[in-house]
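Chemist: Turn this into a model:
(4 chains)
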Protein chains: 2
Amino acid sequence: MNKNYMRAIPKQWATASKVFVALGDKHRQRILLTFDRGERLNVGQIVEVSTLSRSAISHHLKILHDADILLSEKIGKEVYFWVNRPVLDETLQNVLDYIRKNT
Amino acid sequence: MNKNYMRAIPKQWATASKVFVALGDKHRQRILLTFDRGERLNVGQIVEVSTLSRSAISHHLKILHDADILLSEKIGKEVYFWVNRPVLDETLQNVLDYIRKNT
DNA sequence: TATATATAACTATATAATTAAATATTTGGT
DNA sequence: ACCAAATATTTAATTATATAGTTATATATA
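Modeler: All right, here's what the predicted structure looks like:
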């Protein structure tokens, strides 16, 4: 029994924790699934296919960006977002390794 | 661009979605991490090492149980919980496969 | 009856959504 | 080049909603 884990998430879990919190929302899961392989989408394109307002989408994109799940770049007036595959891959692989080793 | 994903989570994502929502909470992440390999813990033991009240722990355990992350069995007066490794493993592996294939 | 856990009712808090205002960039007219 | 208008996005303020936590009560078992 890892008693101390009930007090604080260990450092090596910080990234995974952030990712789970950010993806613990159906809208944000949907946003993630909307991206095709290697695709970059701007805010307007995501708003267009969603049922949410511009600012709600903007808010969710910020959370995904803060969690390092999405990367972004401003080109002209538009801000393009894309999936940060390396971080997602590594994070999920780490969690999976942990599960296999410790459960 | 998977336009329809913005309207609803596809069926094959239902389990993963549930798991992410359930683990999108730091207390529940901590509860999960508290279990050692193959260990079964009853509610009292988890309450003992946590900062939360009995009923708060009970509430979080219910959410983890509903999401199939924990399994439980009542033995006498106590209810023992343990990690549902196969489901967690399969779910995370599916998400990882998806990420590798589609991002 | 005593003990372990779960549930209900309520309160507190955090998160989400909306509308309106602000910021940044491009475009077009002069 | 300069300035106003148009467009894309973000931020702020407010309101709405959902989730979490607590205390008290209920259920089940020894």
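Chemist: wouldn't A:Gly44 be in contact with A:Val79 here?
Modeler: No: because the distance of 9.4 Å does not satisfy Cβ atoms under 8 Å, A:Gly44 is recorded as not touching A:Val79. From N, CA and C alone the C-beta is placed, and that goes for glycine too.
Chemist: Run through the helices of chain A in chain order.
Modeler: Along chain A, the segments classed as helices by DSSP state H run A:14-22, A:26-34, A:43-49, A:54-66, A:85-102.
Chemist: could I get those as TSV with distance to DNA strand C?
Modeler: Rendered in TSV, the data for these read as follows (distance: least, Cβ to the nearest atom of the strand, whole Å):
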stretch	distance to DNA strand C
helix A:14-22	7
helix A:26-34	5
helix A:43-49	10
helix A:54-66	4
helix A:85-102	19
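Chemist: Any chance of JSON lines for the ones you listed, columns mean pLDDT?
Modeler: Formatted as JSON lines, the entries for the helices of chain A read as follows, by pLDDT from 0 to 100:
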{"stretch": "helix A:14-22", "mean pLDDT": "95"}
{"stretch": "helix A:26-34", "mean pLDDT": "96"}
{"stretch": "helix A:43-49", "mean pLDDT": "95"}
{"stretch": "helix A:54-66", "mean pLDDT": "97"}
{"stretch": "helix A:85-102", "mean pLDDT": "95"}
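Chemist: Quick check: which of those is buried the most?
Modeler: Mean neighbour count, computed with mean count of other Cβ atoms under 10 Å in any protein chain shown, is highest for helix A:26-34 among the helices of chain A, reaching a mean of 20.
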